[in-house]
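# Curious how this folds, go ahead:
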Amino acid sequence: MKRLETISIAVAETSVIVRNGLISVLRKLPELNIEPLEITSLEGLNDCMQGHVPDILIINPLFGGFFNVEQFRETYPKEEIKIISLLCSVTDSNLLKGFDDCIELYNSADEIEKKISNLLRLNKDNSEQEALTQREKEVICCIVKGMTNKEMADHFFLSIHTIITHRRNISRKLQIHSAAGLTIYAIVNKLVDISEVKI
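Numbers count the residues shown, from 1 in each chain. This is a model prediction of the structure:
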């Protein structure tokens, strides 16, 4: 991840000590440039979502009595915000359903940085997959199955030149330049089943 990219992270916690401690750790993470936002109430969270939507929300599952992740996502369906639970005490596992990850008070700065980086990378990978057209996804599947450009052109009733253009666009969008790399991408993103891969 580029150091210059600013990541907006909202920390929703009523305890001043816990909130300030986590924000202090976030500001000192060496590989991430984090702009933290402090949230102390449900009204503050709603104001934040109206004005400056963060990339990540770190919130205590007991914030405001009980934080309902599903209801929050229904209220803000267009926002692709990652939600991390902040565990400050023993918490019922049923309260953690719907969270993308969790941070505990005893996690090291390195562990916190790794969790945030993984969530951001996952979000980036998902947006890259969305950037592919349906035809490009179909071409990837054909490449993984071992089809030649001519076979793909015949299969889709397109010219070989169009297939080559699709392949060039796929390589540019994904920054993957080999059939092996596309195979891994297709399996990880569930475009193909591993049984369909030509060895």
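
# residue contacts, L87?
L87 is in contact with 60-61, 102-105, counting by CB atoms under 8 Å, 6 or more residues apart in numbering. (C-beta placed from N, C-alpha, C; glycine too.)

# Need the max-distance pair from those.
P61 and L105 (13.4 Å; CB to CB).

# Neighbour count for these two, which is higher?
Counting neighbours by other CB atoms under 10 Å for P61 and for L105 shows that P61 has the greater number, 22 against 11.

# For the more buried one, grab phi and psi.
In terms of degrees, to the nearest 10, the main-chain angles of P61 are phi -60, psi -20.

# Where does pLDDT dip in the chain?
Applying pLDDT under 70 to the chain flags residues 1-4, 122-130, 198-199.

# In CSV, could you pull the C-alpha coordinates for the host helix or strand of H155?
Using DSSP states H and E, H155 maps to helix 149-156. Extracted C-alpha coordinates of helix 149-156, given in CSV (Å, rounded to 0.1, in the frame of the first residue of the first chain):
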residue,chain,number,x,y,z
ASN,A,149,-7.4,-16.8,-28.8
LYS,A,150,-8.9,-18.5,-31.9
GLU,A,151,-11.0,-20.8,-29.8
MET,A,152,-12.3,-17.9,-27.7
ALA,A,153,-13.0,-15.9,-30.8
ASP,A,154,-15.1,-18.8,-32.2
HIS,A,155,-16.8,-19.4,-28.9
PHE,A,156,-17.9,-15.8,-28.5
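
# Identify each buried residue in it, please.
For helix 149-156, the buried set under the neighbour-count rule, 16 or more other CB atoms under 10 Å, comprises 149, 152-153.

# Looking at these, spot the one nearest K78.
Using CB to CB, M152 is the member of the buried residues of helix 149-156 that lies nearest K78, at 35.6 Å.

# which residues does that closest one contact?
Contacts for M152 (CB under 8 Å, 6+ apart) come out as 139, 142-143, 158, 163.

# Recalculate using a threshold of 6 Å.
Shown in contact with M152 (CB atoms under 6 Å, 6 or more residues apart in numbering): 142, 163.

# and it, how far is that from D193?
19 Å (CB to CB, to the nearest Å).

# for L62, same thing?
Taking CB to CB, one finds L62 at 41 Å from D193.

# Compare the two (neighbour count), which wins?
Higher neighbour count among L62 and D193: L62, with 18 against 9, using other CB under 10 Å.

# ok, so what distance separates the more buried one from N68?
L62 is 11 Å from N68, by CB to CB.
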